[in-house]
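Engineer: Compute the structure for the input listed below.
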Amino acid sequence: MSKLRLFFLLFIFFYSPVLSSDEYCRPKFEIISDLKEIKKKEDKKNPVFVYFDGSLSMQGFVKDQPGQKNLYRDVIDDLQQISENVGSKTYYHKFGSSIEPIKENEIARVTKPLFYDCAGSVESCNNQETRLELAFKAANANKDATYIIVTDLFLSSKQLVGSTLSSLTSPLKSVLKNGNSIGVVGVMSSFNGTIYDIPSKAGGTLKYSEAKKRPFYIIIVGNEKNINLVKKNLKEQHFIDQEDQYKFSLITSSPILKNLNQDKSIKENYITGISNRDTVKLDYIENNFPIFNFNATQNDKIKFKIKNNEIIVDGSNGISNYQIDEHLWTSKEQACKKISEDSWKKTKFEKISKWTSSEDQFELNTFEQVALKKLFRGMRYFYLANIYAEKPGNSSEEIFKDWSIRDSEAEDFKDQNPVEFKTLNLSKIIGILNSVAEDAFEKTLVASIAMNFDLE
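Structural biologist: Modelled structure (predicted):
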């Protein structure tokens, strides 16, 4: 080997600005090793429990309305097959003021008007109320099962306060804390019947029989995979025409799909805005901790980007707030071979970067609050960021908002003789579900990253 070539190789080895994985050119810091593993439930079939709202207002869904598409009857007809795709065995029930079992060979009755009639006195009939809390309480009995609740969700304000509200939310909290989620599918269907219990400004309630369309809801309680399977089957079999209206939201206390450090998902192209891209090198050290090594200039706008579909459960409310735990060290020694652990000095900066989040991705705009232009050139810097999901989102409230009507607006809305009738207090109900999910949510580490760079 020639002396010139040997000199060149030694120069590259000792003076290359890009760090190799076996060089510990970094300060001493704690790597979070006790990662909260985000586990998904095993893929096995468990029982399915189906609950049909038997209140009298539901009867209008099973009667044809000329010129309108009856999605309710089509969905109910196929729900038995959909349930079999999800679970090992299906059990059917009717609920109103109480819960009654339905034999499997009697399911066809649900699509007939007689299912919602009652020959007894008003007090003795099980079609006068929608005691949704009874179905939710039942859904807390078996955390491995899937529960499907079909209802019009038409609840008065008095059902959403005090002890009645507590009886509705308490089982939901247990459901979410057990790792399950709540899927809400809203379907606009034809309607030919009477809507009862519309609040009157003078007190009491009113009725309305001129609606031709009205939404019903399929609430699925269980693991996320089964919820999405039910939604997928419904979408593929029934929501196929352009005019079909349906809405979906997944309400969960665990909207984070995974921690990116667990399987080394972070790649070199996750950072952008570095002027000299050829010098970027990504090293993983212990506990799958990623360190980006590169040269930077004071004019660089360095961003760390994550696609939402990599970290957020599909269909969920996502994340509304992130917390960034960040630190910055500096060393006067640029060459790694000269840097010792003691030569690193930790800065006092507490807020260095800013995060933004869109419908598609999360961005950490590093050195947005402490600009690179304010840092000394000719030094080495080490930046550490732990990115936490701090608060779940509430996008489902916006999704369902245009189908909701408040108590105070209900009478005026009825007097307009609407063809398409909205759902009483739907926004409040969705808000309650989101609030329960937020209470059960635990701050979750999404990713930990570091950037080790010379500032030229």
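Engineer: who's in contact with I387?
Structural biologist: By Cβ atoms under 8 Å, 6 or more residues apart in numbering, the residues touching I387 are 322-324, 355, 362, 364, 445-449. Every residue, glycine included, has its C-beta placed from N, CA and C.
Engineer: Where does the residue lying closest to F191 once chain neighbours are set aside sit, in terms of helix or strand?
Structural biologist: Computed as Cβ to Cβ, 6 or more residues apart in numbering, the closest residue to F191 that is not its neighbour in sequence is R214, at 3.9 Å. Here R214 sits within strand 213-222, counting by DSSP states H and E.
Engineer: Now do that strand: which elements does it pack against?
Structural biologist: helix 71-86, strand 146-151, strand 181-190, helix 224-237, strand 423-424 (3 or more Cβ pairs under 8 Å, 6 or more residues apart in numbering; DSSP states H and E).
Engineer: ok, L234 - contacts?
Structural biologist: Contacts of L234 by Cβ under 8 Å, 6+ apart are 75, 82, 185, 187, 218, 246.
Engineer: Which two of those have the greatest separation?
Structural biologist: I82 and Y246 (14.6 Å; Cβ to Cβ).
Engineer: Kindly format the C-alpha coordinates of stretch 68-85 as PDB.
Structural biologist: Taking C-alpha atoms only, stretch 68-85 is exported to PDB below (Å, rounded to 0.1, in the frame of the first residue of the first chain):
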ATOM      1  CA  GLN A  68     -85.800   6.700  -0.100                       C
ATOM      2  CA  LYS A  69     -83.200   3.900   0.400                       C
ATOM      3  CA  ASN A  70     -83.800   1.700   3.500                       C
ATOM      4  CA  LEU A  71     -80.300   1.000   4.800                       C
ATOM      5  CA  TYR A  72     -81.500   0.100   8.300                       C
ATOM      6  CA  ARG A  73     -83.300  -3.100   7.100                       C
ATOM      7  CA  ASP A  74     -80.400  -4.000   4.800                       C
ATOM      8  CA  VAL A  75     -77.900  -3.600   7.600                       C
ATOM      9  CA  ILE A  76     -79.900  -5.600  10.100                       C
ATOM     10  CA  ASP A  77     -80.400  -8.400   7.600                       C
ATOM     11  CA  ASP A  78     -76.600  -8.700   7.300                       C
ATOM     12  CA  LEU A  79     -75.700  -8.100  10.900                       C
ATOM     13  CA  GLN A  80     -75.900 -11.800  11.700                       C
ATOM     14  CA  GLN A  81     -73.300 -12.700   9.000                       C
ATOM     15  CA  ILE A  82     -71.100  -9.700  10.000                       C
ATOM     16  CA  SER A  83     -71.200 -10.900  13.700                       C
ATOM     17  CA  GLU A  84     -70.200 -14.400  12.600                       C
ATOM     18  CA  ASN A  85     -67.100 -12.900  10.800                       C
END
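Engineer: Which positions within that stretch qualify as buried?
Structural biologist: Using 16 or more other Cβ atoms under 10 Å as the test for burial, stretch 68-85 gives 68-76, 79-80, 82-83.
Engineer: on that earlier part again, can you name the residues bridging to the residue nearest to F191?
Structural biologist: Beta-bridge partners recorded for R214 (DSSP bridges): S189.
Engineer: and it, how far is that from I319?
Structural biologist: 33 Å (Cβ to Cβ, to the nearest Å).
Engineer: And the two? Which one has more around it.
Structural biologist: Counted by other Cβ atoms under 10 Å, R214 and I319 do not tie: R214 has more neighbours, with 28 against 22.
Engineer: That one contacts N192, doesn't it?
Structural biologist: No: using Cβ atoms under 8 Å, R214 is not in contact with N192; the gap is 9.7 Å.
Engineer: overlap in contacts of the two?
Structural biologist: G60.
Engineer: Which parts of the chain are helices?
Structural biologist: Secondary structure of the chain by DSSP state H: the helices cover 3-15, 71-86, 132-138, 162-177, 224-237, 308-311, 395-400, 407-415, 426-440.
Engineer: Would you mind pulling the contact partners of the fourth one?
Structural biologist: So that's helix 162-177. Taking Cβ under 8 Å, 6+ apart as the rule, helix 162-177 contacts 132-133, 136-137, 139-140, 143, 158-160, 182, 221, 252-253, 432-433, 435-437, 439-440.
Engineer: Can I get that helix in PDB, CA atoms only?
Structural biologist: C-alpha atoms of helix 162-177 as PDB (Å, rounded to 0.1, in the frame of the first residue of the first chain):
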ATOM      1  CA  GLY A 162     -76.300  13.500  37.400                       C
ATOM      2  CA  SER A 163     -76.600   9.900  38.400                       C
ATOM      3  CA  THR A 164     -78.000   8.900  35.000                       C
ATOM      4  CA  LEU A 165     -74.900  10.200  33.300                       C
ATOM      5  CA  SER A 166     -72.700   8.400  35.800                       C
ATOM      6  CA  SER A 167     -74.500   5.100  35.100                       C
ATOM      7  CA  LEU A 168     -73.700   5.700  31.400                       C
ATOM      8  CA  THR A 169     -70.000   6.700  31.800                       C
ATOM      9  CA  SER A 170     -68.900   4.300  34.600                       C
ATOM     10  CA  PRO A 171     -69.000   1.100  32.500                       C
ATOM     11  CA  LEU A 172     -67.400   3.000  29.600                       C
ATOM     12  CA  LYS A 173     -64.500   4.000  31.700                       C
ATOM     13  CA  SER A 174     -63.900   0.300  32.600                       C
ATOM     14  CA  VAL A 175     -64.200  -0.700  28.900                       C
ATOM     15  CA  LEU A 176     -61.500   1.800  27.900                       C
ATOM     16  CA  LYS A 177     -59.200   1.100  30.800                       C
END
